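> Below: sequence and its predicted model.
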Amino acid sequence: MTRLTGRSAFLRLLIDEGVTHLFGNPGTTELPIMEVIPDYPQLKFVLGLHESVVVGMADGYARASNRLAAANVHVAPGLGNAMGALYNANFSGSPIILTAGQQEQGHGLLEPLLYAPLVPVARPFVKWAVEVTRAADLPLILRRAAKVALTPPTGPVFISLPGDVLEEETDLELGASTRVDARMRPPDATLALLARRLLAARNPVILAGHELGLHDAFAEAVELAELLGAGVFHQTVPYAAQFPSEHPACLGALTRNQKAVRAALEPFDLLVCLGADLLRMSVYSPIDPLPPGMPVVHVSEREWELGKNHPTAVALQANVKETLAALLPLLRVQRSPSAAAQAAQRLAAFAPRNWSAQQGRARLAALEAAEETPIDPRFLMLRVAEALPRDAVVLEEALTSSLTLPALVPQRDPKSYFGLASGGLGFALPGAIGAALALPGRPVTAVVGDGAALYGVQALWTAAHLKLPITYVIANNRSYRILKERLVSMRKSARFVGMDLRDPEIDFVALAQSMGVAARRVVDPQDVAPALREAMRHGGPQLVEVMVADGFGDRR
């Protein structure tokens, strides 16, 4: 037993659970924690200037490290400010212990300034939410929170910390960590059935998801594609890297257009979904993206995703890496020489339309726009792809401006790419900070639209404060272009109200410089490549604002 205050016990438990960074924005109810943080130098406090940025940084750190992250916000308004980022972290499955200081339990009954019950606010977007009512329960709650957050399917948890609990001093047995080994694979009989089903398909296709990157299963997925002669699509929502783009079987990313997805899948007779969302879409369409009658095999550790929206012939709740490791030997033994020859023929037939071929066509299309001003977004993305170091980590949140980016920037390893998981904006600027802290030595580039950047622009200060090797590329089209495009295509209207950011225009160079980040603006296409190369060589945070066309006749 050790006599500790609640505040000290809280930090000691975080450290013992493996937490190295506490991302936070403190308020009065967090002062007990801030008082004792200097006593624990092994825990680095990372200040964010807005609660959405705090959770966004923790999200980026958790996704890039596959480790437990911690974030702390301030009472009800702070938790409210963080909810959009918590929504993102929930979708990406980021193991985060999110805490908020709360008014003392007796004082809270008086409903003082900033008070509201916190657990009901957080509960919809976390795996578990709880309020500590006495310091004696801190070890049990923190140990359980870490275990729950890290048990697949991973995700955030929330703990409310009343001030009286943080101040209380008591004798505590801190206990020990629990980790659940959830690397399950299907039983042998199921694997045998699955192997026969896969080998019986005449033209199978694989939908590769972010669980392949999460569990470092690229090699196993590559061998499966080669054994089956299966093409591989990246899943419709690019949470993270999913499959090596430069492999001959990779056919690039499926879109979130139901009609286009159905057309892409119709030539195949079996869809093998590996650790992916099964055709998660965006806006409504009367067309089902899955071709009628197409059988589906789905392997995922996320039970809720199995058979959620589409009939699934074989639904396996299992670890995708362990499943493939057990399945591949069966396929090697059972595959006949004629099946091997047919698989090789199918792989060869992908050459004219695989990712590498698409990259060549995307590059030529971008070069055709090399002289256009304002700068064509396709040309900007080409120059970004050319400037990136081979070991770069890319975060993307540029929406319409980055449509060609997945066709130009290869996913080479599981940590090479992170995208917007939920559709909610604000991840990339703070997420890049978390990724840079999680992957020291790897340069980080965040490609962000002007509209999206304003949901987390305060993150620039933290990047400057920590002197992190991040290059921010702001594709500034001075509008919400995606809304304009959808208004035209879906509503047949070109009356754009509330979709322009021009009066006054936003100066991202001045914004960045005011927060300590070196920045420059590019308006000439010929200046894009030199500006990007210089920024990426710098070694500290840099911002390049590129004025791109808005797609609706903008000539400024």
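Structure received.

> show me where pLDDT drops low in the stretch 401-550 of the chain?
Residue ranges of the stretch 401-550 of the chain with pLDDT under 70: none are present.

> Which parts of it are strands?
417-418, 444-449, 470-476, 518-522, 542-547 (DSSP state E, counting those that start in this stretch).

> Pairing partners for the longest one, with directions?
Here strand 470-476 has these sheet partners by DSSP bridges: strand 444-449 (parallel), strand 542-547 (parallel).

> Next, the angle strand 518-522 makes with the last one.
Angular relation of strand 542-547 and strand 518-522 on a 0 to 180 degree scale: 20 degrees, by axes from the mean of the first three to the mean of the last three CA atoms, to 10 degrees.

> how many other residues sit next to the residue lying closest to residue 374 once chain neighbours are set aside?
For residue 374, ignoring the flanking residues on the chain, the nearest one in space by CB to CB, 6 or more residues apart in numbering is residue 549 at 4.3 Å. Backbone N, C-alpha and C define where each C-beta goes, glycine included. Residues contacting residue 549 under the criterion other CB atoms under 10 Å number 23.

> Next, format the strands paired with strand 470-476 as a markdown table and append distance to residue 183 and mean neighbour count.
Shown next, in a markdown table, are these (distance: least, CB to CB, whole Å; neighbours: other CB atoms under 10 Å):
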| stretch | distance to residue 183 | mean neighbour count |
| --- | --- | --- |
| strand 444-449 | 29 | 28 |
| strand 542-547 | 40 | 26 |
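
> Out of the ones you listed, the one nearest residue 125 is which?
strand 444-449 (23.0 Å; CB to CB).

> can you give me how far that closest one is from the chain middle?
Computed by CA atoms, centre = their mean, to the nearest Å, the chain-centroid distance of strand 444-449 equals 13 Å.

> Same check on stretch 517-528?
With CA atoms, centre = their mean, you get 27 Å for stretch 517-528.

> How about that stretch, which residues are buried there?
Judged by neighbour count (16 or more other CB atoms under 10 Å), stretch 517-528 contains these buried residues: 517-522, 525, 527-528.

> gap between the two ends of it?
Its start and end residues considered, stretch 517-528 measures 19 Å (CA to CA, to the nearest Å).

> hmm, who's touching that stretch?
Applying CB atoms under 8 Å, 6 or more residues apart in numbering, the external contacts of stretch 517-528 come out as 370-376, 379-380, 383, 460, 463-464, 472, 508-509, 512-513, 531, 535, 538, 540-547.

> If we use 7 Å, what do you get?
370-373, 375, 379-380, 383, 460, 463-464, 508-509, 512-513, 531, 541-547 (CB atoms under 7 Å, 6 or more residues apart in numbering).

> Which members of those residues are classed as buried?
Here, 16+ other CB under 10 Å leaves 375, 379-380, 383, 460, 463-464, 508-509, 512-513, 531, 541-547 buried among those.

> follow-up on the earlier one: residues contacting the residue nearest to residue 374?
Residue 549 neighbours (CB under 7 Å, 6+ apart): 374-377, 477.

> now with 8 Å?
372, 374-377, 477.

> cool, residue 486 as well?
Contacts of residue 486 (CB under 8 Å, 6+ apart): residue 283.

> how close does it sit to residue 400?
Look at residue 486 and residue 400: by CB to CB, to the nearest Å, they are 10 Å apart.

> now swap in residue 2 and tell me
56 Å.

> what bits of this protein have low per-residue confidence?
Applying pLDDT under 70 to the chain flags residues 555-556.

> Relative to residue 194, how far out is the residue most central in space within it?
The centroid of the chain falls nearest to residue 239 when counting by CA atoms, centre = their mean (4.2 Å). Look at residue 239 and residue 194: by CB to CB, they are 25 Å apart.

> and what of residue 67?
In terms of CB to CB, residue 67 sits 32 Å off from residue 194.

> Pick out whichever of those two has more residues nearby.
Taking neighbours as other CB under 10 Å, residue 67 and residue 194 compare with residue 194 leading, 21 against 15.

> quick one, phi psi at the more buried one?
phi -60, psi -40 (degrees, to the nearest 10).

> rewinding a little: for the contacts of residue 549, which one is nearest residue 182?
For the contacts of residue 549, the nearest to residue 182 is residue 377 (41.3 Å; CB to CB).

> And for residue 95, the neighbour number?
26.

> ok, now which ones touch residue 412?
241, 244-246, 390.

> For the residue nearest to residue 374, give me the backbone phi and psi.
phi -70, psi 150.

> what's the span of stretch 300-316, first residue to last?
6 Å.

> which residues touch that stretch?
With CB under 8 Å, 6+ apart, stretch 300-316 has contacts from 93, 152-153, 182, 184, 186, 190, 193-194, 197, 209, 211, 273, 275-279, 288, 290, 295-299, 317-320, 323.
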